[in-house]
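predicted model and sequence follow; I will ask about them next.
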There are 2 protein chains.
Amino acid sequence: MHSYTEENYLKALFNLANDKGEVSPNELSKRLAIKMPTVNSMMKKLAEKKLVHYESYKPLRLTEKGKKEAGLIIRKHRLTEMFLVQKMDFGWEQVHEIAEQMEHLHSPHFFEKMDEMLGYPTIDPHGSPIPDKTGKIDWVHFEKLSDCKAGETVKLAAVIHTTDEFLKFLNSRQLHLGLKIKIKMVEKFDGSMVVSYNKKNAESLSHTVSERLLVEKI
Amino acid sequence: MHSYTEENYLKALFNLANDKGEVSPNELSKRLAIKMPTVNSMMKKLAEKKLVHYESYKPLRLTEKGKKEAGLIIRKHRLTEMFLVQKMDFGWEQVHEIAEQMEHLHSPHFFEKMDEMLGYPTIDPHGSPIPDKTGKIDWVHFEKLSDCKAGETVKLAAVIHTTDEFLKFLNSRQLHLGLKIKIKMVEKFDGSMVVSYNKKNAESLSHTVSERLLVEKI
DNA sequence: GTAATAACTTAGATTGATCTAACAAATTAT
DNA sequence: ATAATTTGTTAGATCAATCTAAGTTATTAC
């Protein structure tokens, strides 16, 4: 098996991968807060293990094997988050830190039991898809709330950039997944939106907020 | 905080401690399957951190601080075992491996929630006491079934040497904690016992088995 | 199109946890 | 009581993961 450290590199590569599946050493270094030379030598090591495609001065790419391993780690992370929220009554802003540690546990039986107790969920508490048992992710297409127009009614499907503060902000406005939101108007000059939901009739959401919310049109 | 490795040394010291609280470097080395010189240098390191009393050629002793730290790790281990059995429907023979990993998680909130969900249990699924939030263990005195005499009726209170095979053996004989057992006779030559419980009227238990079962007289 | 800047790599040091080999002290056996 | 054995210690090597310093390649700016 891979070390705790290697697992963190794999996960970071997976999460940083853009549409091309490419990640620069610099990005990776910043994300992990680990200096470039260290990242560099680890990439050589992971290349040895056939987890990463590495060539000097070229962007990094996970191999199929690397993607699978990373997907399985993320699966454990997201199943854990779901378990903590659904079965242990944690708030969605409290689960990241714990899942960050539990994703490294080696016990197929334990995660299978979680999966079963949760009824085989396909998304985590923030709306992110949970990779299947082979590590594959079923990418569902949602759009940013900030890309929607006045008059549309949408359902809140996922949150991106799930920081503690942002999630607490959403809590304070009673913005939770599944919520039906009607867009009443969009301000031209700053992109902020006036929306209605629940009993609230004219809440204002800044562009910073609306571009972090993914929605499904209804 | 202490490293994963340091935590394992502390736990092993705690578990090996005899009535005097003393452990020999040799014992510790064997228990952890780590060579003596490594154990030796780790003991010096833990002595630096005021977790262990170390003097050349003398037995090792945990300091009060060391006992507390070790107790808190064991608390996490045992709470986890209880959670797995009570809330996730694992068998008592399946939980050790998982708890061995989860005892190293750093999340007071997580273990507090477990504790709460379990109703603040004082023993784990094998009958071992769970240390309190300060790391202290409430040592309850039980006696070995093998020390009991014919005619006595006892309640099964705890299992020692909780290996997979032994626990599965107990499962197969429907021997579980809380069970009322009547001792019908004790064989002189091999110390085996004939006992009755449930609907079973004349089960034989070898000395090897009865000395691993702790009971409470009733 | 060169000069400046940023990104990347190489070389070598450090730290934690482990090992083997060799030596010293304590215990056990005769 | 001394020899043999076991236990404990010291010294020095190795490996993984990190760092800093210095050099190399790519990219950006003018």
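Structure received. Numbers count the residues shown, from 1 in each chain, chains lettered A, B, ... in the order given.

can you tell me the SS state at the residue lying closest to A:Lys168 once chain neighbours are set aside?
Excluding the flanking residues, the one nearest A:Lys168 by Cβ to Cβ, 6 or more residues apart in numbering or on different chains is A:Glu93, at 5.4 Å. All C-beta spots, glycine's among them, are computed from the backbone N, C-alpha and C. Here A:Glu93 is recorded as coil under DSSP: H, G, I helix; E, B strand; the rest coil.

how many residues are close by A:Glu93?
For A:Glu93, the tally of surrounding residues (other Cβ atoms under 10 Å in any protein chain shown) stands at 18.

contacts only, for it.
If you count contacts by Cβ atoms under 8 Å, 6 or more residues apart in numbering or on different chains, A:Glu93 has them with A:Asp164, A:Leu167, A:Lys168, A:Asn171.

what's the PyMOL line that selects buried ones from these?
Entered in PyMOL, the line below selects the buried ones among these, by 16 or more other Cβ atoms under 10 Å in any protein chain shown:
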select buried, chain A and resi 167
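
from the contacts of A:Glu93, which has minimum pLDDT?
The lowest pLDDT within the contacts of A:Glu93 belongs to A:Asp164, which sits at 93.

so how far is A:Glu97 from that residue?
As judged by Cβ to Cβ, to the nearest Å, A:Asp164 and A:Glu97 stand 9 Å apart.

show me which residues of chain A sit near DNA strand C.
A:24-27, A:36-37, A:40-41, A:43, A:56-59 (Cβ under 7 Å from any atom of the strand).

and if we set it to 10 Å?
Counting by Cβ under 10 Å from any atom of the strand, the residues of chain A close to DNA strand C are A:22-30, A:35-41, A:43-44, A:54-60.

filter those residues down to the buried ones.
Neighbour-count burial (16+ other Cβ under 10 Å) is assigned, among these, to A:Glu22, A:Val23, A:Pro25, A:Glu27, A:Leu28, A:Ser29, A:Val39, A:Met43, A:Tyr54, A:Pro59, A:Leu60.

scan the helices and strands of chain A for the one with the lowest mean pLDDT.
The weakest-scoring helix or strand in chain A, judged by mean pLDDT, DSSP states H and E, is strand A:200-205 (a mean of 88).

quick check on the residue in chain A positioned nearest to DNA strand C: phi, psi?
Residue nearest to DNA strand C within chain A (Cβ to the nearest atom of the strand): A:Asn26, separated by 2.7 Å. The phi/psi pair for A:Asn26 (degrees, to the nearest 10) reads phi -60, psi -50.

got the residues of chain A near DNA strand D?
With Cβ under 10 Å from any atom of the strand as the criterion, chain A meets DNA strand D at residues A:2-9, A:24, A:29, A:32-42, A:45-46, A:48, A:55-59.

which strands and helices sit next to the helix or strand containing A:Met43?
Using DSSP states H and E, the element containing A:Met43 is helix A:36-48. Helices and strands touching helix A:36-48, by 3 or more Cβ pairs under 8 Å, 6 or more residues apart in numbering or on different chains; DSSP states H and E, are helix A:4-16, helix A:25-32, strand A:52-53.

and the longest one, what does it pack against?
Right, the one you point to is helix A:4-16. Under the contact definition 3+ Cβ pairs under 8 Å, 6+ apart, helix A:4-16 sits against helix A:25-32, helix A:36-48, strand A:61-62, helix A:64-88.

output that helix as PDB, nothing but the C-alphas.
In PDB, the C-alpha atoms belonging to helix A:4-16 read as follows (Å, rounded to 0.1, in the frame of the first residue of the first chain):
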ATOM      1  CA  TYR A   4      -0.100   8.500   4.100                       C
ATOM      2  CA  THR A   5       2.100  11.000   2.400                       C
ATOM      3  CA  GLU A   6       1.800   9.500  -1.000                       C
ATOM      4  CA  GLU A   7      -2.000   9.300  -0.600                       C
ATOM      5  CA  ASN A   8      -2.100  13.100   0.000                       C
ATOM      6  CA  TYR A   9      -0.100  13.800  -3.200                       C
ATOM      7  CA  LEU A  10      -2.400  11.500  -5.200                       C
ATOM      8  CA  LYS A  11      -5.500  13.200  -3.800                       C
ATOM      9  CA  ALA A  12      -4.200  16.700  -4.400                       C
ATOM     10  CA  LEU A  13      -3.300  15.800  -8.000                       C
ATOM     11  CA  PHE A  14      -6.800  14.400  -8.600                       C
ATOM     12  CA  ASN A  15      -8.400  17.500  -7.100                       C
ATOM     13  CA  LEU A  16      -6.300  20.000  -9.000                       C
END
